[in-house]
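In: sequence below, structure please.
(chains A, B, C and D)
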Protein chains: 2
Amino acid sequence: MIDTEKMPFISFSDEVLPKVKSYITEENEFEQVMRILIVEDEKGIANFLKDGLEEEGFAVDFAADGRKGLELASVNDYDLLIFDWMLPGLSGIELCREFRKLNKTAPVIFLTARDTVQDVVFGLEAGANDYIKKPFEFDELLARIRVQLKTRSGEQTLLKLCDIEMNLDTHRVFRGSKERELTPKEFSLLEYLIRNKGKVCTRTNIIEHVWDIHFNSDTSVIDVYINFLRKKLNPTGKEKELIHTIRGVGYITRDE
Amino acid sequence: MIDTEKMPFISFSDEVLPKVKSYITEENEFEQVMRILIVEDEKGIANFLKDGLEEEGFAVDFAADGRKGLELASVNDYDLLIFDWMLPGLSGIELCREFRKLNKTAPVIFLTARDTVQDVVFGLEAGANDYIKKPFEFDELLARIRVQLKTRSGEQTLLKLCDIEMNLDTHRVFRGSKERELTPKEFSLLEYLIRNKGKVCTRTNIIEHVWDIHFNSDTSVIDVYINFLRKKLNPTGKEKELIHTIRGVGYITRDE
DNA sequence: CTGTTATTTTAAGCTATTTTTAAGAAAGAA
DNA sequence: TTCTTTCTTAAAAATAGCTTAAAATAACAG
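Out: Next comes the predicted model:
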């Protein structure tokens, strides 16, 4: 969604908006649409879910009975499946078992009125990943769907500052599309500065958090490392300076 | 626990039992013990959980407040964490956020009396993987714990990394069409690296999960085994290097 | 049970990289 | 100017990781 309030200097005519939207979508090429299958025999609930999830940007397929559900699930490659427990044709439990037999690993969420502990345990043991009791609220379902998808996609932890991206999982740093190779100390200094972007980091802060030194010590090691970082992040001196000196206080990084 | 009912042809005298137990433990070398951290201030619930989970074969640590919990969680490498919402020192939510900031991916289950949908959503968005409302039944908790652990370890028996294929059933490893014969330790080290592909594995991670050593120990055994693996996976030095060193941090494997 | 082989661990030297120290140059403030 | 703070550079010190070889341990066959 484009938040025009944050760009007061830009205004869109209704005609232009769709184009801009698709441009943004193209740019986020990694944010692909997630496919969800709902297997539920109560039309009311099914439609409610389908509409709600589509509104949230998911691509939703739907089956009203177990057989049909299994067929769809085996043909297509869904990112997540929502099964009702009581279904004509093939029960949710059986459906889940058959699905797992196909060697599919996509997360399955049970959505059911059966709520004894035995039912829950039974459902989870059949290969489900979560189990929500009816009546449920849509927001909770949505949050649980997001958790399942997040866990699976193995998303990486990224810290960003302007055109800098630090990947904490791979320990790699990019400025724009170019990788900058940092040593461990350089990496953790930059990490500290970016985590505290917008705030001045004093030398004491830095020496405590990055070097783990908790007593007064006069060393110029911070200056040296700031220098290392500046050189590696901006070797030609032509790019934008990212680490600013606040004389007498410390250093700061900020977005903009 | 030994289920004598499933072995009707064997009977144990009380004296023999302990010996047999340890023998069985040794035999299941691949079924490593799962470590769980409980952070809960109500002594009663905490003890109930600890006892119950230990009976199920988990190794359980416990903290009564948020600070202590975070400390334990950052030092040790747990396979799963259970947080109460209301905690002295640092709330469960804050604890969870701080934990995720440490770049840890182990599943977190919230266990709490707060049960409005907003609470659930809030908890899940803070990085939790599941949310169980008090009062809960132990069996449901156990089932949900198993689901989290199962999802993580993945039931798949075929692991792939570039042109490497590990078959966990047959315990054989191929690079392209050629088999590479690995010793047990080499195998489980490679398995760990591939299961965590795309993420840096620290020496601590490796020594804890592959060697099952949970105290500080200075040993160069990891270096030696990385060397073994590299030689066996790439004896001529002409193939693509698959295990990359992140100096000062650990090792990483990635597809591509 | 015993000798043989395979596996795992320890230890140590070596090298390249990383970290720290130190001191003069440059820049800002008074 | 003069004083203080920060920047820059070079060289020394420390360390992490690689490689070997040998010792310790475990597994196995006869």
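In: do you have the helices of chain A handy? List them.
Out: A:17-27, A:43-55, A:66-75, A:92-101, A:117-125, A:138-153, A:184-195, A:203-209, A:221-233 (DSSP state H).
In: nearest to DNA strand C, out of those helices?
Out: Among the helices of chain A, the nearest to DNA strand C by C-beta to the nearest atom of the strand is helix A:184-195 (3.4 Å). Where you see a C-beta, it was placed from the backbone N, CA and C, and this is true even at glycine.
In: quick one, the closest one and helix A:221-233 angle?
Out: Angular relation of helix A:184-195 and helix A:221-233 on a 0 to 180 degree scale: 90 degrees, by axes from the mean of the first three to the mean of the last three C-alpha atoms, to 10 degrees.
In: which residues are contacting helix A:184-195?
Out: A:159-161, A:164, A:166, A:168, A:171, A:173, A:182, A:201, A:206, A:209-210, A:222, A:225-226, A:228-229, A:232-233, A:243, A:251-253, B:247-249 (C-beta atoms under 8 Å, 6 or more residues apart in numbering or on different chains).
In: which ChimeraX command selects the buried ones in the residues you listed?
Out: With 16 or more other C-beta atoms under 10 Å in any protein chain shown as the criterion, this ChimeraX line picks the buried residues out of the contacts of helix A:184-195:
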select /A:159,161,164,166,168,171,173,182,201,206,209,210,222,225,226,229,232,233,243,251,252,253
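In: hang on, the earlier thing: now the helices of chain A in JSON lines, with mean pLDDT and distance to DNA strand D?
Out: Converted to JSON lines, the helices of chain A look like this (pLDDT from 0 to 100; distance: least, C-beta to the nearest atom of the strand, whole Å):
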{"stretch": "helix A:17-27", "mean pLDDT": "28", "distance to DNA strand D": "35"}
{"stretch": "helix A:43-55", "mean pLDDT": "95", "distance to DNA strand D": "45"}
{"stretch": "helix A:66-75", "mean pLDDT": "96", "distance to DNA strand D": "41"}
{"stretch": "helix A:92-101", "mean pLDDT": "94", "distance to DNA strand D": "33"}
{"stretch": "helix A:117-125", "mean pLDDT": "90", "distance to DNA strand D": "33"}
{"stretch": "helix A:138-153", "mean pLDDT": "92", "distance to DNA strand D": "28"}
{"stretch": "helix A:184-195", "mean pLDDT": "97", "distance to DNA strand D": "8"}
{"stretch": "helix A:203-209", "mean pLDDT": "95", "distance to DNA strand D": "7"}
{"stretch": "helix A:221-233", "mean pLDDT": "97", "distance to DNA strand D": "4"}
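In: OK, now which residue of the stretch 51-200 of chain A is nearest to chain B?
Out: In the stretch 51-200 of chain A, no residue comes nearer to chain B than A:P184, which is 3.2 Å away by C-beta to the nearest C-beta.
In: so how far is A:C201 from that residue?
Out: Here the distance between A:P184 and A:C201 works out to 18 Å (C-beta to C-beta, to the nearest Å).
In: who's in contact with A:R180?
Out: A:R180 makes contact with A:V173, A:F174, A:K232, A:L233, according to C-beta under 8 Å, 6+ apart.
In: for those, work out which two are farthest apart.
Out: Every pair in these was compared (C-beta to C-beta); the two farthest apart turn out to be A:F174 and A:K232, at 11.9 Å.
In: name the nearest residue to A:E98, ignoring sequence neighbours.
Out: Nearest non-adjacent residue to A:E98, counting by C-beta to C-beta, 6 or more residues apart in numbering or on different chains: A:L70, 5.5 Å away.
In: now do A:L53
Out: A:L53 sits nearest to A:V60 (C-beta to C-beta, 6+ apart), 5.0 Å away.
In: tell me how far the one you found lies from A:E239.
Out: Using C-beta to C-beta, one obtains 44 Å as the distance from A:V60 to A:E239.
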